[in-house]
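**Student:** Next comes the sequence, and after it the predicted model I'd like to discuss.
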Amino acid sequence: MSEADIGDTYNIVLVINESFGKDYLPFYGKQGRSTPFLERWIRSEKDKFVIFRNAFSNSTATDLSVPSILTGVAPYEDNEKPRRMPLLWDWAKAVGYKTVLVSSQRYTWSDFDKFLCESSADIQIYSEFTAAEQVEKIRGDKDLNN
């Protein structure tokens with residue numbers, strides 16, 4: 001993809017909700033307001049969302065599920081294999097996208113901080129950062145704002 005083509009590409013936001021489960025999400029039939037921001041966003045831009053109706057869990061354990069989702073490595077494979085594979089945002093960057101990892105997860109457990117956060121995502125914001133550090137990371141990356 002050339003730089004001229006990048007202006008014609010879509011912005012892609014992947015929401016991985018592996019800890020919550022679809023039983024708590026209104027777009028899978030749950031009544032209530034568990035994700036109000038996401039619900040409003042989907043309602044306002046329905047044609048820009050893909051909701052997987054036949055999705056299934058690849059593991060019930062986060063330390064297996066997240067690396068599997070981000071690398072395509074099955075949870076039953078060698079647990080070191082995901083560390084040798086490109087992550088989802090590596091593929092996106094290879095075709096010219098700018099990438100951001102935003103997560104409420106704590107990544108110091110299970111060595112996720114080494115696996116995910118020492119990767120090549122342009123900006124990474126996760127729960128170990130303070131709010132001031134998060135703002136500074138975003139404000140400081142002028143290239144990403146262009």
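**Tutor:** Done, it's in. Numbers count the residues shown, from 1 in each chain.

**Student:** List of residues touching the helix or strand containing Lys93?
**Tutor:** According to DSSP states H and E, Lys93 maps onto helix 88-94. Defining contact as C-beta atoms under 8 Å, 6 or more residues apart in numbering, one finds that helix 88-94 is touched by 12, 14, 69-71, 86, 97, 99, 101, 119-122. For every residue, glycine as well, the C-beta is placed using N, CA and C.

**Student:** please redo it, this time with the cut-off set to 10 Å
**Tutor:** Here helix 88-94 makes contact (C-beta atoms under 10 Å, 6 or more residues apart in numbering) with 1, 9, 12, 14, 16, 69-72, 86-87, 97-101, 116, 119-122, 124.

**Student:** Pull out the buried positions in that helix.
**Tutor:** Going by neighbour count (16 or more other C-beta atoms under 10 Å), the buried part of helix 88-94 is Leu88, Trp89, Ala92, Lys93.

**Student:** Next: stretch 120-129.
**Tutor:** Residues of stretch 120-129 classed as buried by neighbour count (16+ other C-beta under 10 Å): Ala121, Asp122, Gln124, Ile125, Tyr126.
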